[in-house]
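Novice: Give the three-dimensional model of this entry:
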Amino acid sequence: MTDVKRWMPLYIADYLTDTAHLGTIEHGAYFLLMTHYWGHGPLPADDTQLRKVARMTAREWTESRGVLRAFFRLEGGLLHHKRIDAEIAGAEAMIETKSEAGREGARKRWQKHDTPNAPANGKAMADPLANAQQTQWQRDAHSHSPPTAEVAVGPPAPLFEDFWKTYPTDKIMSKKAALVQWKGLSEQDRSAALAAVSGFKAFCSKDKTYRPVHACRFLSERRFDGFTADAVGPAKAAELQDRADQLMGRGKYAANFQDTAQ
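Specialist: Numbering: from 1, shown residues only. Predicted structure coming up:
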């Protein structure tokens, strides 16, 4: 893996939703398992080693083993975590995209020198210059990276340009990474995702402080399900907003959230 392991993204609302059934000790154990996974890759399928990573006693591990193992799938003798694998893939794709952009920019600058050897010199000097900057990009690129599947990227897929133009994007969203996810969808899902954008934008407009989820996550996590144009009306939008407020401890749930935290 690359240097993406320096930072690990944590989406609080998603985490709280997925772990609402865990106790305090199990929360700590699961978090330790995730951070170890981010730094070292898939976990060993050995209870003794897992217990040590989770820093649990033998009795604690025996009592919580089932609920913790449920977050992982056994594959090739190792425990894999679908979400973390996707985040790492997305981070590495973002780093490669920025690195290539840096090399291309450096080549163009050097090729401005009007000499017979300019193109060759430009490439020769551009690559090391871009690579020198890559380490810094690696330190922070993945904090904005969405999950990315390993799908070949070629010409834009049908309807993708329409999706990208209508989706509430921002400057840090990678169109290339979103296209990867788009190509992994069936034709039916692509149509559903495109139709869902208007409903999603209506939902986002209810809270001006809400930052739309990255287009890649909107696709890879099927966030478009339930946001089709005919499925989202004022009542549904209010329901979704209320659910988000409950998870994040905002609005009428703020007091309860503070009491729980204390």
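
Novice: now stretch 74-85: mean pLDDT?
Specialist: Across stretch 74-85, the average pLDDT comes to 92.

Novice: Next one: F72 relative to R59, how far apart?
Specialist: Going from F72 to R59 by Cβ to Cβ, to the nearest Å gives 21 Å. Just so you know, the C-beta spots here come from the backbone N, C-alpha and C atoms, and that holds for glycine as well.

Novice: So between those two, which is more surrounded?
Specialist: Neighbours were counted for F72 and for R59 using other Cβ atoms under 10 Å; F72 has more, 20 against 8.

Novice: Who are the contact partners of that one?
Specialist: Taking Cβ atoms under 8 Å, 6 or more residues apart in numbering, we find F72 in contact with L33, L43, L79, H80, H81.

Novice: try 6 Å this time
Specialist: Contact analysis of F72 by Cβ atoms under 6 Å, 6 or more residues apart in numbering lists L79, H81.

Novice: Any chance of the backbone angles for it?
Specialist: The phi and psi values for F72, taken as degrees, to the nearest 10, are phi -120, psi 160.

Novice: mind starting the numbering at 38 from now?
Specialist: Done: numbering now begins at 38, and the last item shifts to F109.

Novice: I'd like the distance between it and M45.
Specialist: 16 Å.

Novice: again with K238
Specialist: Separation of K238 from M45 (Cβ to Cβ): 30 Å.

Novice: show me where the stretch 88-237 of the chain has helices.
Specialist: Using DSSP state H, counting those that start in this stretch, the helices of the stretch 88-237 of the chain run over residues 95-106, 119-147, 155-177, 197-203, 212-220, 224-242.

Novice: Show me where this structure dips below the pLDDT cut-off.
Specialist: Applying pLDDT under 70 to the chain flags residues 38-43, 132-133, 135-143, 148-195, 265-288, 292-299.

Novice: how's it carved up into domains?
Specialist: 40-119, 121-181, 197-290 (automatic domain parsing).

Novice: ok, now which ones touch E112?
Specialist: So E112 contacts nothing (Cβ under 6 Å, 6+ apart).

Novice: Angles on the backbone of L80, please.
Specialist: Dihedral angles (degrees, to the nearest 10) for L80: phi -90, psi 150.

Novice: number of nearby residues for the closest residue to it other than its chain neighbours?
Specialist: Spatially, and ignoring its direct neighbours in sequence, L80 is nearest to L116 (4.2 Å; Cβ to Cβ, 6 or more residues apart in numbering). Residues lying near L116 (other Cβ under 10 Å) number 20.

Novice: So what pairs up with L116 in the strands?
Specialist: For L116, the beta-bridge partners are L80, L111 (DSSP bridges).

Novice: May I ask you to confirm that it is in contact with A82?
Specialist: Yes. Look at L116 against A82 with Cβ atoms under 6 Å: they come within range, at 5.5 Å.

Novice: Counting neighbours, what do you get for Y67?
Specialist: For Y67, using other Cβ under 10 Å, the count is 19.

Novice: The helix or strand it falls within: which residues count as buried?
Specialist: Counting by DSSP states H and E, the element that carries Y67 is helix 61-77. Using 16 or more other Cβ atoms under 10 Å as the test for burial, helix 61-77 gives E63, A66, Y67, L69, L70, M71, H73, Y74, W75.

Novice: That one versus helix 95-106: what angle between them?
Specialist: Angle, helix 61-77 to helix 95-106, by axes from the mean of the first three to the mean of the last three Cα atoms, to 10 degrees: 70 degrees.

Novice: Check which helices and strands helix 61-77 is in contact with.
Specialist: helix 84-91 (3 or more Cβ pairs under 6 Å, 6 or more residues apart in numbering; DSSP states H and E).
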